[in-house]
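1. could you work out the structure for the sequence below:
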Amino acid sequence: MVKYHLKDFFNSPRGGMYLIVLLMMAAEFLIMVLIEIVFRPKYGALIPNFVWESIDPLLLIIIVTPCIYLLAVRPLERQQTTLRQQYNELSITAVTFDSGEGVVVTDANNTILRVNRSFTEITGYANEEVIGKTPRILQSGRHDREFYRNMWTILGRDKFWCGEVWNRNKSGKIYPEWLTITAVLGPEGQITNYVAIFSDISERKAGEEQLRKLTAHIQSAREEEKTRIAREIHDDLGGTLTALKMEVYRLTEKLSGNEQAAPLLEHIESMTQLLDNAVGVTRRVISDLHPAVIDDLGLVAALEWQCKQFGKRTGIACEVICADERDEENKLDKTTAINLFRICQEALSNVSRHSGATGVNVEYHQDDEEIMLSIGDNGRGLPDGHTIAQTSYGMRGMRERVAQLNGGIAFDSPSGGGLRVTVTVPCRA
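-> Below is the predicted model of the structure:
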């Protein structure tokens, strides 16, 4: 401990001056000893007295000057560099602290020590109103204890947490914010402070809500347009093809008894096949645009028809499981039914294109409050760490449809492998 204090003392400006004086006295003593005891008795008669008198200060200057630079000037230069760096860091910290985002500094017990001006502008609380309190004064009540327990668990483990939080300002208004909390560690690795930086994202959330409503409106308009086109195709093109088939049958009956018309009958038979193919394509196009079975028989019947067509088209076995034998799904509103149907359609399309599966199970369950739709396959599933890319329009489209219904969607891999898409939405009559 004594060595540590002496080192600190001599590193100080006063200690440096004392050390230089001691060095000068020691150097002067050493020079006097060398001159008076060693050199002068031996060479005194050869060298004049004024030379001996000038040797003393000259040697003192030669010895002491480098020591003064090393012991005084050099440390001062290092201190100036260190102070300049600290000043720059403090300037950056001050600019950051006074930025447009709210900043809260607490101690290790989560007691608020300081807040910045943006904190006051966002929350309405002045600096003196929150000093000595905890951030609990901002809690809105929207998050349960489990939410905060998980937050502190992650913060204690990673020393960092970020996420969306709903808080309440001084006037009582609840607002969303994006919150980042960082733990400040002491010299021994212990947590000494927490620094929380947050920003009000109300405008961003409002923009997301408007975008969600716009997306829902566009999807609804597309479904209405598809229904209109399907109706026109059914009424106009379907009616025309049916009339043509009737005329062909009538022509076949008239020419069937004439042997000379046999070559014509072969052409008529070919025309009949072409008309049958056109009718089949028309029906398929109409069903893809708007499956009328939803309007006539309900969602479960439409899912069964869809899975049957999927199996015929791809050769992949597809089974529909509906544990609820009640007909409550017929009471679904049109928007919920068509969106669930389209989600299943998109999921089956992904199975046929990407999974390499040989079987698919579609489960539908409904009670008085919630609808659950699950599409699972036995294919290769998603790779580890997979995230939905910007180009994954199928999955993003499913998420947008679920958001339109105020529901949730999950993509996971069951224990047996493959991929499972699970959709839960509130039941709306």
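2. for the stretch 201-350 of the chain, which residues score under the pLDDT cut-off?
-> Scanning the stretch 201-350 of the chain with the threshold set as pLDDT under 70 gives 257-262, 323-331.
3. do a quick rundown of the strands in it.
-> For the stretch 201-350 of the chain, the strands defined by DSSP state E, counting those that start in this stretch occupy 317-322.
4. which residue ranges of it form helices?
-> 202-232, 238-255, 262-289, 292-297, 299-314, 334-350 (DSSP state H, counting those that start in this stretch).
5. so which of the ones you listed is the most surrounded?
-> For the helices of the stretch 201-350 of the chain, the largest average neighbour count (mean count of other CB atoms under 10 Å) is found in helix 334-350, namely a mean of 21. Backbone N, C-alpha and C define where each C-beta goes, glycine included.
6. output the helix or strand just after that helix as CSV, restricted to C-alpha atoms.
-> Next helix or strand after helix 334-350 toward the C-terminus (DSSP states H and E): strand 359-366. Only the C-alpha atoms of strand 359-366 are listed here, as CSV (Å, rounded to 0.1, in the frame of the first residue of the first chain):
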residue,chain,number,x,y,z
GLY,A,359,-48.5,-36.7,-46.8
VAL,A,360,-50.3,-33.7,-45.4
ASN,A,361,-52.8,-33.4,-42.5
VAL,A,362,-55.2,-30.4,-42.3
GLU,A,363,-56.8,-30.0,-38.9
TYR,A,364,-59.7,-27.7,-38.1
HIS,A,365,-61.1,-27.0,-34.7
GLN,A,366,-63.6,-24.4,-33.6
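7. neighbouring contacts of the helix or strand following strand 359-366?
-> Once strand 359-366 ends, the next helix or strand along the chain (criterion: DSSP H and E) is strand 370-377. Strand 370-377 is contacted from outside by 329, 332, 336, 340, 343-344, 347-348, 351, 355, 357, 359-366, 414, 418-427, using CB atoms under 8 Å, 6 or more residues apart in numbering.
8. what's the helix or strand for residue 128?
-> Using DSSP H and E, residue 128 falls in helix 127-130.
9. so which bits of that helix are buried?
-> For helix 127-130, burial by neighbour count (16 or more other CB atoms under 10 Å) applies to residue 130.
10. residues in contact with it?
-> Under the criterion CB under 8 Å, 6+ apart, residues 112, 114-115, 119-120, 137, 170 lie in contact with helix 127-130.
11. quick one: which of those residues is nearest residue 131?
-> Using CB to CB, residue 112 comes nearest to residue 131 of the contacts of helix 127-130, at 5.9 Å.
12. nearest to residue 153, of the helices of the stretch 201-350 of the chain?
-> helix 202-232 (26.3 Å).
13. which strands or helices does the closest one pack on?
-> If you count contacts as 3 or more CB pairs under 8 Å, 6 or more residues apart in numbering; DSSP states H and E, helix 202-232 packs onto strand 174-185, helix 262-289, helix 334-350, helix 393-404.
14. the same query, at a cut-off of 7 Å, please.
-> Under the contact criterion of 3 or more CB pairs under 7 Å, 6 or more residues apart in numbering; DSSP states H and E, helix 202-232 touches strand 174-185, helix 262-289, helix 393-404.
15. distance to residue 201 added to the ones you listed, as TSV?
-> Compiled in TSV, the helices and strands packed on helix 202-232 are given as follows (distance: least, CB to CB, whole Å):
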stretch	distance to residue 201
strand 174-185	5
helix 262-289	39
helix 393-404	17
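16. right, and these - which one's nearest residue 312?
-> Nearest to residue 312, of all the helices and strands packed on helix 202-232, is helix 262-289, at 11.2 Å by CB to CB.
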